[in-house]
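>>> Everything below, folded, please.
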Amino acid sequence: MSSSILSLALDAATVCTALAFALCAWRLARGPQAIDRVLAIDTLYLNAVALVVLLGIRLQTALLFEAALIVAMLGFASTVALARYLSRGDVIE
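A predicted model of the protein is given here:
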């Protein structure tokens, strides 16, 4: 009984996260300003991390959790670099 509830919860979470991913991709493509696009990229990588974690829970493997950590670190660094570029015009001083 509990495994079917877990499977149902994983399915619902995956659908909701995929919908959020699609909406962020739409904002990335249609954003009126560069700031909207940066926020969309930031949210896209968070949704990607969530999808990888949900897949890791479903497949019961620790390797995907490490992949999620790497995606999170790269996403954070790229968001900071892009925001710095947009605000100052240069990433490295």
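>>> isn't Gly75 right next to Tyr45, touching?
Yes - using Cβ atoms under 8 Å, Gly75 is in contact with Tyr45, at 3.0 Å. No exception for glycine: its C-beta is placed from N, CA and C like everyone else's.
>>> Which pLDDT value belongs to Ala34?
Ala34 is assigned 82 on the pLDDT scale.
>>> where does the nearest residue to it once chain neighbours are set aside land in three-state SS?
Spatial nearest neighbour of Ala34, excluding adjacent residues (Cβ to Cβ, 6 or more residues apart in numbering): Leu86 at 5.6 Å. Using DSSP: H, G, I helix; E, B strand; the rest coil, the structure places Leu86 in helix.
>>> which residues touch Leu86?
For Leu86, the contacting residues are 34-35, 38, by Cβ atoms under 8 Å, 6 or more residues apart in numbering.
>>> May I have the residues that are in contact with Gly56?
Counting by Cβ under 8 Å, 6+ apart, Gly56 touches 62-65, 67-68.
>>> switch to 10 Å and redo it
Applying Cβ atoms under 10 Å, 6 or more residues apart in numbering to Gly56 gives the contacts 62-68.
>>> Make TSV out of those residues and add pLDDT.
Shown next, in TSV, are the contacts of Gly56 (pLDDT from 0 to 100):
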residue	pLDDT
Ala62	91
Leu63	93
Leu64	94
Phe65	93
Glu66	94
Ala67	92
Ala68	93
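>>> which helix of this structure spans the most residues?
Longest helix in the chain, counting residues (DSSP state H): helix 2-30.
>>> which residue sits closest to Asn47, ignoring its sequence neighbours?
Nearest non-adjacent residue to Asn47, counting by Cβ to Cβ, 6+ apart: Phe21, 4.2 Å away.
>>> ok, the one you found touching Leu54?
No - counting by Cβ atoms under 10 Å, Phe21 does not reach Leu54; the two are 11.5 Å apart.
>>> where in this structure is pLDDT low?
Residue ranges of the chain with pLDDT under 70: 1-2, 91, 93.
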